[in-house]
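> Pasting the sequence and the predicted model now:
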Amino acid sequence: MPVHRKPSPAIEQVPGHPGRIRVRDATAPAIRRGTLLLAAVLAGCVATPREPSAAAAAAGPRTQQEAAALARRAAREPDPSIRTRLWLDCASAAHAALDGEVALPDAGIALADHCSTRALLDLFRRHPGGWQPGRRRIAGRELELRIEGASPMARGAYTITPAQDVPVPPGWDFRQPGFGLPLVLRADRCTDAPDCALYTPEGIYRWATAWIEHGDDVPVVRIVDPVATPSTTVGGRGMRLSFDAFSSYWKGAMASRLPRLGVYGLLGGDGIGRRAGAYLLTDYDPRKTPVVMVHGLGSHPIIWAELSGAIWADPVLRDSYQVIHVVFQTNAPLLVSTQRVRTYLDRMWELLDPEGDDPARGKMVLVGHSLGGVVARLLAVDSGRVLWDAAFTVAPGQLHGAAEDVAAIQDIFLFDPYPGVCAVVMLAAPHKGSPAASGFAGRLARALVARRAPEIQALKEVTLAHPEDVREEVRDSYRFARLDSIWTLRAPQPVRRAGESLLPAPGIRYHTIAGDLHGQGGDGLVPLESALLPGARSTLVVDQGHTLYRDPVVIGRVLEILREERGLPCAGAADPGNTADAGDAARDMPD
């Protein structure tokens, strides 16, 4: 039967909240009209039948009035098992009635949706775990579960949660009305392929939408991906499915230990180090542009929850972008953190696109907050010898020391733009350092922050053996391995100061967003002048503190940048197939 498609939903921003969108669905008025008619049907004088037998339920009533009578009885039934059985029978019957009845079509669709939703709420609240495709007997009824478009990364049985039961933060509502019940599917992450490690170890969490249809002999519970299958046919009419873009992510975030691990990682805990890497939040799509989000000092990627949800809720952005969250331990020096993030991205692409020819590989957008914003900038620059000359007195090819130590140091100080980076968005990033790193709070934090980065040992060994190769301004900090993320964000720090001149390479577009809280000249941690960069394609200053990533205006601006980026080429990015880096040239440069 052909699908009679309704007009596409209208996407608009919520007034006063540029970071949030809502969808005005053409099918929603029909469901609302049907709900009013449904109320009239349910309130009518309809004889209430006895509870049907299993055989009678399989055949099912064939009129809306009979299905409505089942709904009335289910609404009054105190026994949970009987109530679930009645809702199941009502849903199957109402759906069957739509095939042969033309009266009150809106009410018929609304009745089928109402009974289906109530049955599924009862089913998944009473039996959340152990769901797999196939037949299962629940509440005295046999039913068939079909899961369409399941994640290939999922393994084992599913835990199914109604999306409305996930307690999302107030205002974080990214729901699209329509037919069916939005769900959260959770299954174990696969372990039988290398790329399984690119998905969160908490499990595979995915959005879904479900409803009940009248099968040949048993009710059928259909669970689909509402992005891959945005509509279905009900009663000969095309109905857009309801969709919750955020609850699946938030359900996984609530199960994550990352918020604690981020702080512990700054203080030396290695839990977040074991989790470090680049993670996909949805199944990899080779045609979608990655938006790589990099968190800040002592933080974690869950700070990007609302921005990620806003991207997923916008059909245009959702079809164009895939969100990738980077996890890294933030106690290491800035250049070490940057080098590690490069390594995580390298590993991700080795697993996803070893040939380097996917469209996704050729264009990336980086979004970074605070320390993560500085890391994002450094991923877009050609270092030349700017950083090297701020630390060493000799040319790269003349540094004395063990070969492996020299190679490690060159990897940290010499680099070119990460291949495929086309645009960078930096939020509250201390490009010129932060006074807080030199103040009392910064000194206290430095006393607590662990300095166990193995990459620093190479600097220590070279400095101890050949101090004349290292500039006096940094010699003691290298000799005693007194290096950490806070130290390298101090305004006077020589290498950081030299790095101020490094701007994204020509052709890489960059945007700065900064906080000026109550006009005090900064966000409380990062001065306004430190967060802004010359030559930015756009600059936004908001009256917010350092956690401005939550601000609706900021989120709205990032969404605007992503919409703009959809139509722009990636002129300045390095060729992903070219593995040569700036270090190859810099090593041969004369002193």
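Arrived safely, thanks for sending. Every value quoted in this text rests on a predicted model; they were computed, and no experiment measured them.

> going forward, measure contacts and count neighbours with C-alpha atoms only.
Noted.

> tell me which residues in stretch 274-293 are buried?
For stretch 274-293, the buried set under the neighbour-count rule, 16 or more other Cα atoms under 10 Å, comprises 275-285, 287-293.

> for it, the distance to its chain's centre please.
8 Å (Cα atoms, centre = their mean, to the nearest Å).

> pLDDT averaged over it - what is it?
Taken as a whole, stretch 274-293 has an average pLDDT of 94.

> Contacts for that stretch, please.
151-153, 198-200, 206, 249, 301, 304, 319-329, 341, 344-345, 348, 352, 358-361, 363-368 (Cα atoms under 8 Å, 6 or more residues apart in numbering).

> For it, measure first residue to last.
One end of stretch 274-293 sits 19 Å from the other (Cα to Cα, to the nearest Å).

> And for stretch 180-199?
End-to-end distance of stretch 180-199 (Cα to Cα): 28 Å.

> Give the buried residues for it.
Buried residues in stretch 180-199, defined by neighbour count with 16+ other Cα under 10 Å: 180-190, 195-199.

> do the same with stretch 244-260
For stretch 244-260, burial by neighbour count (16+ other Cα under 10 Å) applies to 244-253, 256, 258-259.

> Among the residues you listed, name the ones in helices.
247-253, 258-259 (DSSP state H).

> Pull the number of nearby residues for Met364.
25 (other Cα atoms under 10 Å).

> Let me see the ranges of the helices in the stretch 201-350 of the chain.
Here the stretch 201-350 of the chain has its helices, by DSSP state H, counting those that start in this stretch, at 247-254, 258-266, 271-275, 305-313, 315-320, 334-352.

> Now tabulate the ones in helices among the buried residues of stretch 244-260 in a markdown table and tack on pLDDT and distance to Ile160.
Shown next, in a markdown table, are these (pLDDT from 0 to 100; distance: Cα to Cα, whole Å):
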| residue | pLDDT | distance to Ile160 |
| --- | --- | --- |
| Ser247 | 96 | 12 |
| Ser248 | 95 | 10 |
| Tyr249 | 94 | 14 |
| Trp250 | 94 | 14 |
| Lys251 | 94 | 11 |
| Gly252 | 92 | 13 |
| Ala253 | 91 | 16 |
| Leu258 | 72 | 23 |
| Pro259 | 66 | 25 |
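
> ok, those residues vs Gln398, which is closest?
Gln398 has its nearest neighbour among those in Leu258, at 42.2 Å by Cα to Cα.

> Does the closest one touch Ile303 like I think?
No. Using Cα atoms under 8 Å, Leu258 is not in contact with Ile303; the gap is 10.4 Å.

> in its sheet, what does the top strand by length along the chain sit against?
With DSSP state E setting the assignment, residue counts place strand 204-214 as the longest strand in the chain. Paired strands of strand 204-214, with direction, are strand 181-189 (antiparallel), strand 219-224 (antiparallel) (DSSP bridges).

> rewinding a little: deepest-packed of the helices of the stretch 201-350 of the chain, please.
Greatest average neighbour count among the helices of the stretch 201-350 of the chain goes to helix 305-313 (a mean of 23), per mean count of other Cα atoms under 10 Å.

> Output the contacting helices and strands for it.
Contacts defined by 3 or more Cα pairs under 8 Å, 6 or more residues apart in numbering; DSSP states H and E place helix 305-313 against strand 17-24, helix 315-320, helix 552-566.

> Try it again at 6 Å.
Helix 305-313 is packed against helix 315-320, with contacts defined by 3 or more Cα pairs under 6 Å, 6 or more residues apart in numbering; DSSP states H and E.

> Contacts for the helix it packs on next, please.
288, 311-312 (Cα atoms under 6 Å, 6 or more residues apart in numbering).
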